[in-house]
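In: got a sequence here, can you model it:
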Amino acid sequence: GPVASEAAMSVDQQRFRDYIEPTLGTRKISVVSREMVSRLLSDMEAAGKAAATVNNVRALISGLFAKATEWGYAVENPVRGIKVRKTVKRDRFLHPHELPRFFAALAREPNETVRDYFLVALLTGARRSNVLGMRWDQVELAEGLWRIPRTKNGEPQNVTLSPEVILLLQGRARAAKEKARKTGEKQSPFVF
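Out: Sure, this is the predicted structure:
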């Protein structure tokens, strides 16, 4: 929406002011070279800027020169040929002091399926795709076992279900059977 695009624009304006304007801002578009852009990005890395920040500045320069080329102010985009920096995906874990707020927010989630999905994912540690693909014929509630027929590496996996997950799945199973009985439709093979 408009608010998101305004926020993105202000972030780009800040990046321009902080990183591009001090070195390239006083130069004519026609004299900005690949070497100048490469040096700017390398200097940012040397100053300890995150690869994601360097990549965002690279993308902003590229976008500016794409527009300049379209309008006839530049012949080519000096960013072409400059490699994107490798970024390290950061894991984010909830800290113990955040858990009560997280569970309180989850309990207020009005969509039961969403709430149950997050709880099963959290309490089993299974991959998102496996939880979304969970089928009733893979779950043995009496034994407390979920058999994933094929994981990411192609191997089957048995997941032991905690008492909390078993209770949650029993409730979902009852609700699914009741819905099928009321509507006369066949019960879905999927848990979610």
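
In: from here on, contacts and neighbour counts on C-alpha atoms
Out: Will do.

In: pull the contacting residues for residue 34.
Out: Residue 34 makes contact with 78, 79, 80, 82 under the criterion Cα atoms under 8 Å, 6 or more residues apart in numbering.

In: any idea how far residue 167 is from it?
Out: Distance of residue 34 to residue 167, given as Cα to Cα, to the nearest Å: 61 Å.

In: then residue 24?
Out: Here the criterion is Cα to Cα. By it, residue 24 lies 62 Å from residue 167.

In: what segments of the chain are strands?
Out: All strands of the chain, identified by DSSP state E, fall at 139-140, 145-148, 157-160.

In: dump those to JSON lines, plus mean pLDDT.
Out: Shown next, in JSON lines, are these (pLDDT from 0 to 100):
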{"stretch": "strand 139-140", "mean pLDDT": "97"}
{"stretch": "strand 145-148", "mean pLDDT": "97"}
{"stretch": "strand 157-160", "mean pLDDT": "96"}
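
In: dump these to TSV, plus mean neighbour count and distance to residue 43.
Out: Formatted as TSV, these follow (neighbours: other Cα atoms under 10 Å; distance: least, Cα to Cα, whole Å):
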stretch	mean neighbour count	distance to residue 43
strand 139-140	17	55
strand 145-148	18	48
strand 157-160	14	47
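
In: and of the ones you listed, who's closest to residue 187?
Out: strand 139-140 (15.2 Å; Cα to Cα).

In: what residues does that closest one touch?
Out: For strand 139-140, contacts defined as Cα under 8 Å, 6+ apart pick out 145, 146, 147.

In: hmm, 10 Å instead?
Out: Here strand 139-140 makes contact (Cα atoms under 10 Å, 6 or more residues apart in numbering) with 145, 146, 147, 148, 158, 159, 160, 161, 166, 169, 191.

In: same thing with stretch 107-124?
Out: So stretch 107-124 is contacted by 101, 103, 105-106, 125-132, 146, 159-162, 164-166, 168-169, 172, 191-192 (Cα under 10 Å, 6+ apart).

In: same check, this time on stretch 161-173
Out: 112-113, 116-117, 119-124, 136, 139-146, 160, 175-176, 178-179, 187, 191-192.

In: now do the buried residues in it.
Out: Buried residues in stretch 161-173, counted by 16 or more other Cα atoms under 10 Å: 161, 165, 166, 169, 172.

In: look at the fourth one and report its pLDDT.
Out: When you say that, I think you mean residue 169. pLDDT, residue 169: 97.

In: which among the contacts of residue 34 count as buried?
Out: Among those, those classed as buried by 16+ other Cα under 10 Å are 78, 79.

In: which ones are touching residue 41?
Out: Residue 41 sits next to 19-20, 35, 47, 49, 51, 53-55, 57-58, 82, 85 when contact means Cα under 10 Å, 6+ apart.
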